[in-house]
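A.B. asks: Got a predicted structure here, sequence first:
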Amino acid sequence: MSALQRYVLRLADTSLVLGQRLGEWVGHAPALEEDLGLANVSLDLIGQARLLLTYAGEIEGRGRSEDDLAMAREGSDFLNLAIAEQPNGDFGRTIVRQCLVDAFQLEMYEALQRSTDARIAEIATKALKETRYHFRYSAGWVVRLGDGTDESHARAQKALDELWRFTMEFFVADALDDEMARAGVAPVLAELAPRWSARIDDVLREATLKRPADVPYSWHGKRGDHTEHLGYLLAEMQYMHRAYPGASW
Amino acid sequence: MSSSAGAHESAPAVSAPRSTSERESAVWRVLESVPDPEIPILTIVDLGIVRHVRWDADGELHVALTPTYSGCPATDVIRSSVKRALSCAGYANAIVDSVLSPPWTSDWLSEEGRRKLVAYGIAPPAESVENPRRLFGSPLVACPRCGSDATERVSEFGSTPCKAHYRCTDCLEPFDYFKCI
């Protein structure tokens, strides 16, 4: 698998897995408006993943489609950030997770618009428009929950404390990130960190939430090392395709 | 709506056919018969998602479509509707391409499309994405039923990716707003 294909899969899988997680809320959100909101964001993320997976299949050149890549890979082949696969928990936890990832995707897509890879650049330009309102939505809710009741504040803070450790992975570059940055395909991750940090600090300040301390350990979901939660998510997502390969209606 | 009309008149009519050659016009007329599956009052030409109609060196007809939103589920339906409409009109071998760049913007909605939306009960985008002032505050969205500007946003997300959910505080009717993106 080429470095470019692996890199595109990283981008694709984070959107796909997070989109699948948000989809679990359909019919279960606390209010109809939020049900629609989460479903809309989910749909955008899955749409972004489809564009990226299609491209990853084309780079590979072995005829694998977006569906083959989404539905017929094993867990260790998925290269999403580990935060994307974390369980939804309550609405507050889902929203905190979303806000952390939205802010990261904002910085990523902003930078990837200038990628030397034309296809990545055009997908990023399209996705950025959507990510802007994803962040507006999730950040707005983090503020309302954090600066809401004692109960909502406590739950939002707990979610933040538990999810923060997964954000280390966003900016720890490995050999693939470095190679892509040298080729101008991807940004230097360390350069995105201060902007992400400032954006998140603004939200947390308004939400009266306390920024947790960074931890030295980083997950490596983007290298295929996942938490136990991904397997369960894939089992549900891939069931139909695996039971009836190639089925269509 | 009068407050926002100016911004749209000056917006480039990117979705309009650029060539007036008869051959192309005939294809555009076929495309004008294809409705958007989620807002069937609009044609795909009204929506501004047909990017070009052209023949390649081998004489194959190419029609390029761009998605409104990355995950819009209507995209696949539109694609097959276009193929079917072209095939019925005698362009059996037409190739439907997908283009992403430049990305679709609600500014490409035609004037005709905006009028149809209001008649259908959906408020059209109240501003242009080119408008620098859009960064400040929310746009004034007029109720498509009673025309009042006294409206409020219920949710940024609505029944389809392209719409937000609004409510008129004068006539009290809920309505969809075609988002500005």
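C.D. replies: Sure thing, it's come through.
A.B. asks: Break chain B down into its domains, please.
C.D. replies: B:2-107, B:109-178 (automatic domain parsing).
A.B. asks: helix or strand for the closest residue to B:P73 other than its chain neighbours, which one?
C.D. replies: Distances taken as C-beta to C-beta, 6 or more residues apart in numbering or on different chains place A:L43 nearest to B:P73, at 7.1 Å, with adjacent residues excluded. For every residue, glycine as well, the C-beta is placed using N, CA and C. Per DSSP states H and E: A:L43 is located in helix A:32-60.
A.B. asks: That helix - what's its average pLDDT?
C.D. replies: The average of the pLDDT scores along helix A:32-60 is 96.
A.B. asks: swap in stretch A:139-158?
C.D. replies: Rounded mean pLDDT across stretch A:139-158 is 98.
A.B. asks: Next to chain A, which bits of chain B? Give me the list.
C.D. replies: Contacts of chain B with chain A, taken as C-beta under 8 Å from any C-beta of the partner chain, map to B:67, B:69-73, B:100-103, B:154-159, B:161, B:165, B:181.
A.B. asks: again, 10 Å this time
C.D. replies: B:66-67, B:69-73, B:75, B:98-105, B:129, B:154-165, B:179, B:181 (C-beta under 10 Å from any C-beta of the partner chain).
A.B. asks: and stretch A:79-88, anywhere near chain B?
C.D. replies: No - judged by C-beta under 10 Å from any C-beta, stretch A:79-88 stays clear of chain B, getting no closer than 16.0 Å.
A.B. asks: Quick one: mean pLDDT for the helix or strand where A:Y239 lies?
C.D. replies: Assessed by DSSP H and E, A:Y239 sits inside helix A:229-243. Helix A:229-243 shows a mean pLDDT of 96.
A.B. asks: tell me what it is packed against?
C.D. replies: helix A:3-23, helix A:66-71 (3 or more C-beta pairs under 10 Å, 6 or more residues apart in numbering or on different chains; DSSP states H and E).
A.B. asks: Using CSV, list the CA coordinates for that helix.
C.D. replies: Only the C-alpha atoms of helix A:229-243 are listed here, as CSV (Å, rounded to 0.1, in the frame of the first residue of the first chain):
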residue,chain,number,x,y,z
HIS,A,229,-14.5,-0.2,20.8
LEU,A,230,-13.8,-0.3,17.0
GLY,A,231,-14.4,-4.0,16.6
TYR,A,232,-18.0,-3.7,17.9
LEU,A,233,-18.7,-0.7,15.7
LEU,A,234,-17.4,-2.5,12.6
ALA,A,235,-19.4,-5.6,13.5
GLU,A,236,-22.5,-3.6,13.3
MET,A,237,-21.5,-1.4,10.3
GLN,A,238,-20.2,-4.3,8.2
TYR,A,239,-22.7,-7.0,9.1
MET,A,240,-25.0,-6.6,6.1
HIS,A,241,-22.2,-6.5,3.5
ARG,A,242,-20.4,-9.5,5.1
ALA,A,243,-23.6,-11.5,5.3
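A.B. asks: one step back: among the helices and strands packed on helix A:229-243, which is nearest A:Q105?
C.D. replies: In terms of C-beta to C-beta, the element of the helices and strands packed on helix A:229-243 nearest to A:Q105 is helix A:3-23, at 7.8 Å.
A.B. asks: Would you indicate which residues of the closest one are buried?
C.D. replies: Within helix A:3-23, the residues that qualify as buried are A:4-23, counting by 16 or more other C-beta atoms under 10 Å in any protein chain shown.
A.B. asks: give the contact list for the residue lying closest to B:D170 once chain neighbours are set aside.
C.D. replies: With sequence-adjacent residues excluded and distances taken as C-beta to C-beta, 6+ apart, B:D170 is closest to B:S148, at 3.9 Å. Going by C-beta atoms under 10 Å, 6 or more residues apart in numbering or on different chains, B:S148 touches B:142, B:168-171, B:173.
A.B. asks: Can you tell me how far B:S148 is from chain A?
C.D. replies: Distance, B:S148 to chain A, by C-beta to the nearest C-beta, to the nearest Å: 22 Å.
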